[in-house]
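Quick one, fold the following:
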Amino acid sequence: WVTDPGHWRQAMAYLAAVTVLSFLLTLSKFHLVKATSSLNMSLMGILKQLLQILGAVLLFGDRLTVVRALGFATCSAGLACYNIVEC
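Got it, this is the predicted structure:
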C-alpha cells in the first residue's frame, strides 16, 4: 500500500484529521480547566468512564460483577456528594 499514491494520500488525510481533532480536544480541556478547576476536569473524566461502563453494560451486554457494581456505586456516590456540596 506504500507505493499506491491513493492510499498514501488517504493515510495522510486521516493523520491530519486526527492531529487537528487531538489539538482541539487539548485546547478545549485547557479552556475547561481555566474556566473551572482541575478537580472539575477530573470529575468529568470519572463521569465519562461511568458512562462508558454503563454503555458497555446496556449496549454490548458486558457483565457487571459485584466488585464492578460497588466501584460504579462508589464513584457515582462521590460525584453526587461533590455536586451537593458545590451547589
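
Neighbours of Lys29, how many?
13 (other CB atoms under 10 Å). Every residue, glycine included, has its C-beta placed from N, CA and C.

Let me see the contact set for it.
By CB atoms under 8 Å, 6 or more residues apart in numbering, the residues touching Lys29 are Met41.

In the helix or strand harbouring Gln49, which residues are buried?
Assigned by DSSP states H and E, Gln49 falls within helix 38-60. By neighbour count on 16 or more other CB atoms under 10 Å, the buried set for helix 38-60 is 43, 53.

Against which helices or strands is that helix packed?
Packed against helix 38-60 by the contact rule (3 or more CB pairs under 8 Å, 6 or more residues apart in numbering; DSSP states H and E) you find helix 5-35, helix 66-86.

That one to helix 5-35, inter-axis angle?
Using axes from the mean of the first three to the mean of the last three CA atoms, to 10 degrees, the inter-axis angle of helix 38-60 relative to helix 5-35 is 130 degrees.

Other residues contacting helix 38-60?
29, 32-33, 62-64, 68, 72, 75-76, 78-79, 82.

Adding pLDDT and distance to Ala17, write the residues you listed out as JSON lines.
Formatted as JSON lines, the contacts of helix 38-60 follow (pLDDT from 0 to 100; distance: CB to CB, whole Å):
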{"residue": "Lys29", "pLDDT": "85", "distance to Ala17": "19"}
{"residue": "Leu32", "pLDDT": "85", "distance to Ala17": "22"}
{"residue": "Val33", "pLDDT": "86", "distance to Ala17": "25"}
{"residue": "Asp62", "pLDDT": "87", "distance to Ala17": "30"}
{"residue": "Arg63", "pLDDT": "87", "distance to Ala17": "35"}
{"residue": "Leu64", "pLDDT": "83", "distance to Ala17": "35"}
{"residue": "Arg68", "pLDDT": "85", "distance to Ala17": "34"}
{"residue": "Phe72", "pLDDT": "83", "distance to Ala17": "34"}
{"residue": "Cys75", "pLDDT": "85", "distance to Ala17": "33"}
{"residue": "Ser76", "pLDDT": "83", "distance to Ala17": "35"}
{"residue": "Gly78", "pLDDT": "87", "distance to Ala17": "36"}
{"residue": "Leu79", "pLDDT": "82", "distance to Ala17": "33"}
{"residue": "Tyr82", "pLDDT": "82", "distance to Ala17": "36"}
